[in-house]
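Novice: got a sequence here, can you model it:
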Amino acid sequence: MRVMDERSYWVYIMASKRNGTLYVGVTSDLAKRAWEHREDFVKGFTSSYRVHRLVWFEQHATAEAAITREKQIKRWNRAWKVRAIEALNPYWNDLYESLSE
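Specialist: Below is the predicted model:
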């Protein structure tokens, strides 16, 4: 599944492991940002808690739409986030490799 498009914005969820620590973010370059999390490129929450697995993402046409959706998801309780992840990715596989297919 090829997901890279210059005009796309992405909301994504990273996890430390299945049912582990979650991080919700937004980006215009999903592959690059997921790589940065995986490699602890920027020190912070995801490097401290080893949140390296891309488990969910959603594409948006505008930055504004993606940011609005990110804020919405960040307000969700954990159970809702887990349900969203498992609807797309029931085994919590790392979706990073699928970004370049």
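Novice: switch to C-alpha atoms for all contacts and neighbour counts from now on
Specialist: Noted.
Novice: show me where the chain has its strands.
Specialist: 9-15, 22-27, 53-60 (DSSP state E).
Novice: got those as JSON lines, with distance to Ser98, mean pLDDT and mean neighbour count columns?
Specialist: JSON lines is the format used below for the strands of the chain (distance: least, CA to CA, whole Å; pLDDT from 0 to 100; neighbours: other CA atoms under 10 Å):
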{"stretch": "strand 9-15", "distance to Ser98": "14", "mean pLDDT": "98", "mean neighbour count": "24"}
{"stretch": "strand 22-27", "distance to Ser98": "17", "mean pLDDT": "98", "mean neighbour count": "20"}
{"stretch": "strand 53-60", "distance to Ser98": "10", "mean pLDDT": "98", "mean neighbour count": "21"}
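Novice: distance of the nearest residue to Ser47 once chain neighbours are set aside from Thr46?
Specialist: Of all residues not flanking Ser47 in the chain, Asp40 sits nearest, at 5.0 Å (CA to CA, 6 or more residues apart in numbering). According to CA to CA, to the nearest Å, Asp40 stands 7 Å off from Thr46.
Novice: neighbour count winner among these two?
Specialist: Thr46 (22 against 17; other CA atoms under 10 Å).
Novice: report the separation between the residue most central in space within the chain and Gly20.
Specialist: Geometric centre of the chain, nearest residue: Tyr12, 2.3 Å, by CA atoms, centre = their mean. Tyr12 is 15 Å from Gly20, where distance means CA to CA.
Novice: same deal with Glu58?
Specialist: The value you get for Glu58 to Gly20, if CA to CA is used, is 20 Å.
Novice: partner residues bridging the residue nearest to the centre of the chain?
Specialist: Gly25, Phe57 (DSSP bridges).
Novice: wait, isn't it in contact with Asp29?
Specialist: No. When contacts are counted by CA atoms under 8 Å, Tyr12 is not listed as touching Asp29 (10.9 Å).
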